[in-house]
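**Student:** Mind looking at a prediction? Sequence and model below.
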Amino acid sequence: MMHVGRAVKVGVTRRPRCSVLSAVMWVAALALPLGVAAQGPIKVGILHSLSGTMAISEGPLKEVILMAIDEINQEGGVLGRTVEAVVEDPASNWDLFAEKAKKLLQQDKVAAVFGCWTSVSRKSVLPVFERYNGLLFYPVQYEGEECSKNVIYTGATINQQASPAVDYLMSPEGGSKKRFYLVGTDYVYPRTTNKILRLYLTKAKEVNEANIREEYTPFHHQDYQTIVGKIKSFCAGGDAAVINTINGDSNVPFFKELANQGITADTCPVISFSFAEVELQTLDVKPLAGHLASWNYYMSLKNPNNFKWIKAYKTWCEKHGIAEKQCVTDDPMMHAYIHVKLWAEAVKKAGSTEVDAVLKALEGLTINNSPVGPYKVDEKNHHTWKPVYIGKIREDGQFDIVWKTNGWVHPQPWSELTYPGRACDWSGEGKGTYDTVSGKRVWLSEKQ
Amino acid sequence: MRQMSLVLLLWSLIIATVYTAQADSTAVATYAKDLATPAKQRQTLEQLRDLGDPGVRSILLALKEGALYHWQDKLFIFTSDGVFVGLDGNPLLDNAGQPLFPETGMDAVPLAQDNMPLLQQTLDVIELFAPNPATRKSTALRLGNLQQVDLMPMLEKAHARETESAVQATLVEAINKLRLLSPDPVVRLQGVRYFGTTRAEAALGQLKGLQQTELDPQVREAVANAVQKIEAFLQLRNSVGYVFNGLSLASVLLLMSLGLAITFGLMGIINMAHGEMLMLGSYTAYVLQEFFLNTFPSYLDYYFIVALPLSVVVVGCVGMLMERGILRFLYGRPLESLLVTWGIGMVLQQGARLYFGDQTSVSPPTWFRGGWEVMAGLIFPYSRIFIIVLSLVSLAAMYLLLYRSPVGLKIRSVMQNRDMATCMGISARTVDALTFALGTALAGLAGCAISLIGTVDPEVGKTYIVDSFMVVVLGGVGKLFGTVLASFGIGMSNKILEPLIPGTAAAVYAKVAILALVIFFLQRKPTGLFPAKERTAAGMVR
């Protein structure tokens, strides 16, 4: 009778202590993983084809990005956290690029993606990045005519690769060429490049229209006898050069035929924009020796930074079982490496991995010790400033540098010749592509 | 005029000094130091040029490449070994004997854009007398095309000293090109006459230009004469060239289609994997090349001799497996065999891609490089001549096998009347497998041969399959001679139409035109050129 009241009393005093303790335990249980997550690694995505037709070219990009991430982590990571790579293989399937990009942005919640090679793959992932406000770093030379808020284009625009090539060919060092044969595969990149080059040659360089020939072949075209015959006649007239935008495997029969017909680089140099050291290691280089290429970087560049980078890469190759013959560096690899470093610097400068803050921090960002020396991101148009080198192919698959621009070339995603009134500006209020005359934003619909 | 004579004087100074200069490294080093000062760079370059010292070459090349560096008032060249080397040849090392990379002060010497022509000029003079004949030849060619008359005495001096015949020929041509620009009509006449006799295509453009501007009547007449001779020669040469191109393409088509003519023509099996059989032949050549590269590098060229029979055997075996394992069950069902062979083709393609990757290449053996120069400027590549010969040999072999041997008799009898043949004691099953293997073996041989002139990649089959079917259908299913005629017809028409089509996409339109012609022809004669009179396996119901 008396005990019941006491028992209730004890029960009452015990319950508050129990609930406070459990409350504290719950809060601690919830907060602890949150706290750990806030200190966990920063994830970045790698979206390059590791199988399929593009594997030869894109595979080394993954290696070099992983190497850059490794170096960053060894120096203490970014904002006190390590950087972790999420590698996805879209297998040269353009639709799969978009799927994997979405997965990286939505599921893995990566802070940035380093990826793409062909323009098709980039165009496929563009809507994904713009919708989910992701950040893509694109390392390959392309035809321009694009300027997205969510992409940093470290590869060359046409005025950073093709136009300097023409300048070189027309200079005395290049042989004072006055006649040009533009040969390419029939698709968007050669058609656009040749359109711009033709305008450049006729308007800026005052070359007669009669001295320019254009020729296109279908994909996988194998029989170049007639075309090489035409080129031979064209070149016999003197002062001629060939600008080659033939794609992929068709280059092999083209150069074999050129070599068999005795067309050498002395009489008729052929300048190509799609071979670099990586591709040359897989081709028969003898018919190509002496011909030219135009890039922003070559493995044979002689400066201490490049030398150190190549040495580090060779050590990486040994550690990861990459054959010595395939352990070469080229322009897209250099850009892939440098844009990881640019991203890390931007994150440090912005103090966060949030995409808009990083984009702001990237404007005008300069790195001084890249393998090509000083390297800068443009303040406005999400492209980069870099030098241009003309290289001559050697029999061992490396290049001899025969000419370079004096310093950086300003990137122009919208060529002054084809779109004279158009520029791109993402700084400040962020207009993007706009008309320089009216100042209004230009919306790029599918028809343009 | 004054400028030209000044330049002439300088050139002759340089020539004189190049002959007589001793390697004077201290003088070079003293002058070269000022290259790093932008204001003095031009002057320094001129002084180095006048020195005429070949030792200057490495400094100028380094400056051109961006490998010339300036540190602590001294110049260094960064070599490909990763070491800074001073102008005296001593490497820059730290106390431990390792290459030193100074953190600050080591700056690349920039070459002012305006000074580039001057630098190139100096290099050209040095390289015209370089020890390597290939360098001399390319410099002579380049200088000839610069169209500067005052270079003539230098080229003539080089010609007098030249011992290599190929370089001599280039120098003579360069000198004559410059003669066309001379103010003296007698010299011009000399140049025109030279090109008239050699009928060199290289001078045509210049001669035509001269036709417009020439005033001297004697030279005018000579120019008109020379132009006419050159153009007539070119027309003849181009026609011969087109015929050869047509023959070459015809031989490639024939090689590819012979195998298909047997499997489709004789047996009535639509083998969509025929292109992949060709691909396997190419890859056999590739694998053998890699093997020889690693095991017998000094006998690398002989890989091809082994590759030819081996590709026949390997692909023949693959064909036999295909026939025995899968196609045997699908006779009389053309749609199923089409689908199944298409699937097999895809599997083989992706398998090759997974195993070999997408960029592999086969270098032709050294005997097949270059060609036979039939006329000036017309070269028949040895590899294409080989393919023409090989296709004829295969054709002859096939004919003998099918029409003059007991095996061929068995094959033909099984194809014509299967039941009767089995009654006579011929094992129809064995003959089927053998025939199919023969067809695919030929495709393998074609693949091996085509690797000489084309690519080796997983997609090579898709490129050739349509053309092969077109040839076989056009030629008439069942007759070997029809295939020959069809490949000859298509090859020649393609290569003769292509140069005649104007516009930028001639190759594309030529192909379109050929396809249109074939469609039109088949409308008139659906059974092809030589329709089959016998009953084929496709007509038999099993």
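**Tutor:** Good, I have the coordinates. Residues are numbered from 1 along each chain as shown, chains lettered A, B, ... in the order given.
**Student:** How about the backbone phi and psi for A:I196?
**Tutor:** A:I196 adopts backbone torsions of phi -70, psi -40, taken as degrees, to the nearest 10.
**Student:** quick one: it and A:A162 touch, right?
**Tutor:** Yes. A:I196 lies in contact with A:A162 (Cβ atoms under 8 Å); the separation is 7.1 Å. Every residue, glycine included, has its C-beta placed from N, CA and C.
**Student:** Which of those two has more residues huddled nearby?
**Tutor:** The residue with more neighbours, out of A:I196 and A:A162, is A:A162; 26 against 23, by other Cβ atoms under 10 Å in any protein chain shown.
**Student:** And that one, how close does it get to A:H382?
**Tutor:** Distance of A:A162 to A:H382, computed by Cβ to Cβ, to the nearest Å: 20 Å.
**Student:** And B:V431, by the same measure?
**Tutor:** From B:V431 to A:H382 the distance is 68 Å (Cβ to Cβ).
**Student:** These two: which is more packed in?
**Tutor:** Ranked by neighbour count (other Cβ under 10 Å), B:V431 and A:H382 place A:H382 first, with 27 against 21.
**Student:** what about the spatially closest residue to that one that is not a sequence neighbour, how many residues close to it?
**Tutor:** Of all residues not flanking A:H382 in the chain, A:I152 sits nearest, at 5.3 Å (Cβ to Cβ, 6 or more residues apart in numbering or on different chains). Look at A:I152: counted by other Cβ under 10 Å, it has 25 neighbours.
**Student:** Secondary structure class of A:I152, three-state.
**Tutor:** Counting by DSSP: H, G, I helix; E, B strand; the rest coil, the backbone at A:I152 sits in strand.
**Student:** which residues touch it?
**Tutor:** A:L135, A:L136, A:F137, A:Y138, A:H339, A:L342, A:L362, A:V377, A:H382, A:H383, A:T384 (Cβ atoms under 8 Å, 6 or more residues apart in numbering or on different chains).
**Student:** Same question for A:E379.
**Tutor:** So A:E379 contacts A:E363, A:G364, A:S427 (Cβ under 8 Å, 6+ apart).
**Student:** ok, so of those, who is nearest B:L141?
**Tutor:** Taking Cβ to Cβ as the measure, B:L141 lies nearest A:G364 of the contacts of A:E379, at 46.1 Å.
**Student:** Need phi/psi at the closest one.
**Tutor:** Dihedral angles (degrees, to the nearest 10) for A:G364: phi 80, psi 0.
**Student:** now the one 5 residues further on
**Tutor:** The main-chain torsion angles of A:N369 are listed as degrees, to the nearest 10 and equal phi -110, psi 40.
**Student:** Give me the spatial nearest neighbour of it, chain neighbours excluded.
**Tutor:** Closest to A:N369 by Cβ to Cβ, 6+ apart is A:N305, at 5.1 Å.
**Student:** do the same with B:R199
**Tutor:** B:F233 (4.5 Å).
**Student:** Looks like that neighbour contacts B:T197 (just checking).
**Tutor:** No. B:F233 is beyond contact range of B:T197, at 11.3 Å (criterion: Cβ under 8 Å).
**Student:** the more surrounded of the two?
**Tutor:** Counted by other Cβ under 10 Å, B:F233 and B:T197 do not tie: B:F233 has more neighbours, with 16 against 10.
**Student:** just checking, next helix/strand downstream of whichever strand or helix holds the more buried one?
**Tutor:** In the assignment (DSSP states H and E), B:F233 maps to helix B:217-260. Using DSSP H and E, the helix or strand that follows helix B:217-260 in sequence is helix B:274-295.
**Student:** CA-only coordinates of that following helix, as PDB, when you get a sec.
**Tutor:** Output in PDB follows, covering the C-alpha atoms of helix B:274-295 (Å, rounded to 0.1, in the frame of the first residue of the first chain):
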ATOM      1  CA  HIS B 274      32.900 -12.800 -95.300                       C
ATOM      2  CA  GLY B 275      34.400  -9.400 -94.500                       C
ATOM      3  CA  GLU B 276      35.400 -10.700 -91.100                       C
ATOM      4  CA  MET B 277      37.200 -13.600 -92.700                       C
ATOM      5  CA  LEU B 278      39.200 -11.000 -94.600                       C
ATOM      6  CA  MET B 279      39.800  -9.200 -91.300                       C
ATOM      7  CA  LEU B 280      41.100 -12.400 -89.800                       C
ATOM      8  CA  GLY B 281      43.600 -12.700 -92.700                       C
ATOM      9  CA  SER B 282      44.800  -9.200 -92.100                       C
ATOM     10  CA  TYR B 283      45.300  -9.900 -88.400                       C
ATOM     11  CA  THR B 284      47.200 -13.100 -89.200                       C
ATOM     12  CA  ALA B 285      49.700 -10.900 -91.000                       C
ATOM     13  CA  TYR B 286      49.700  -8.500 -88.000                       C
ATOM     14  CA  VAL B 287      50.300 -11.200 -85.400                       C
ATOM     15  CA  LEU B 288      53.100 -12.700 -87.600                       C
ATOM     16  CA  GLN B 289      54.700  -9.300 -87.900                       C
ATOM     17  CA  GLU B 290      54.700  -8.800 -84.200                       C
ATOM     18  CA  PHE B 291      56.100 -12.300 -83.700                       C
ATOM     19  CA  PHE B 292      58.900 -11.700 -86.200                       C
ATOM     20  CA  LEU B 293      59.600  -8.300 -84.600                       C
ATOM     21  CA  ASN B 294      60.100  -9.900 -81.200                       C
ATOM     22  CA  THR B 295      61.800 -13.100 -82.200                       C
END
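**Student:** That helix and chain A, are they touching?
**Tutor:** No. Helix B:274-295 is not in contact with chain A by Cβ under 8 Å from any Cβ of the partner chain; minimum separation 9.9 Å.
**Student:** check contacts around A:F273.
**Tutor:** So A:F273 contacts A:Q141, A:Q161, A:A162, A:A165, A:T193, A:N244, A:T245, A:A293, A:S294 (Cβ under 8 Å, 6+ apart).
**Student:** centroid residue for the chain?
**Tutor:** Chain wasn't specified; assuming chain A. Centroid-nearest residue in chain A, with Cα atoms, centre = their mean: A:P139, separated by 0.8 Å.
**Student:** meant chain B actually
**Tutor:** B:I453 (7.6 Å).
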